[in-house]
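In: Provided below are the primary sequence and the corresponding predicted coordinates.
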Amino acid sequence: MIRQLFISLLFFFGPALLVVVIRHLVILLHLAIRSGRHQHDPEIIDITPTSPGRPPRWFLLAAILIGFFCAWFAWWSLANPPEPSTHYVPAYTDSNGQVIPGKVVTH
């Protein structure tokens, strides 16, 4: 139960963090492209205070939905019973010299 909880939390927060990192990389790429276009313009230092931009609501909703889906999938995968383990017993001869054919044994 605890293992399932930890794995579900990992699968919830992991995609959310990944989406946030991708968002910041896109913003950095956008700023790099924008600064490359304006290299020949005179440098203007703007000290006007601005409010920090929040991510759009659709982005937050998408990150939460992706996280919930991944957490649900991990929980569902862990809830399935494991497949029985099998191994092959090769053919052999018994004490009377009879050949016993090989078989697959399920545990």
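Out: That came through fine. Quick caveat, the model's predicted, so the values are computed rather than measured.

In: contacting residues for residue 61?
Out: Not one residue lies near residue 61 by Cβ atoms under 8 Å, 6 or more residues apart in numbering. C-beta here means a position set from N, CA and C on the backbone, and glycine is covered the same way.

In: how near is it to residue 55?
Out: From residue 61 across to residue 55, the span is 10 Å (Cβ to Cβ, to the nearest Å).

In: what's the offset of the worst-scoring helix or strand of the chain on mean pLDDT from the middle of its chain?
Out: Least confident helix or strand, the chain: helix 2-37 with a mean of 79, by mean pLDDT, DSSP states H and E. Computed by Cα atoms, centre = their mean, to the nearest Å, the chain-centroid distance of helix 2-37 equals 11 Å.

In: quick check: angle from the helix or strand following that helix to helix 2-37?
Out: The element immediately downstream of helix 2-37 (helix or strand, assigned by DSSP states H and E) is helix 57-79. Using axes from the mean of the first three to the mean of the last three Cα atoms, to 10 degrees, one finds that helix 57-79 and helix 2-37 are set 150 degrees apart in direction.

In: buried set for helix 57-79?
Out: With burial defined by 16 or more other Cβ atoms under 10 Å, the residues of helix 57-79 counted as buried are 63, 66-67, 70-71, 74.

In: Cool, thanks, signing off.
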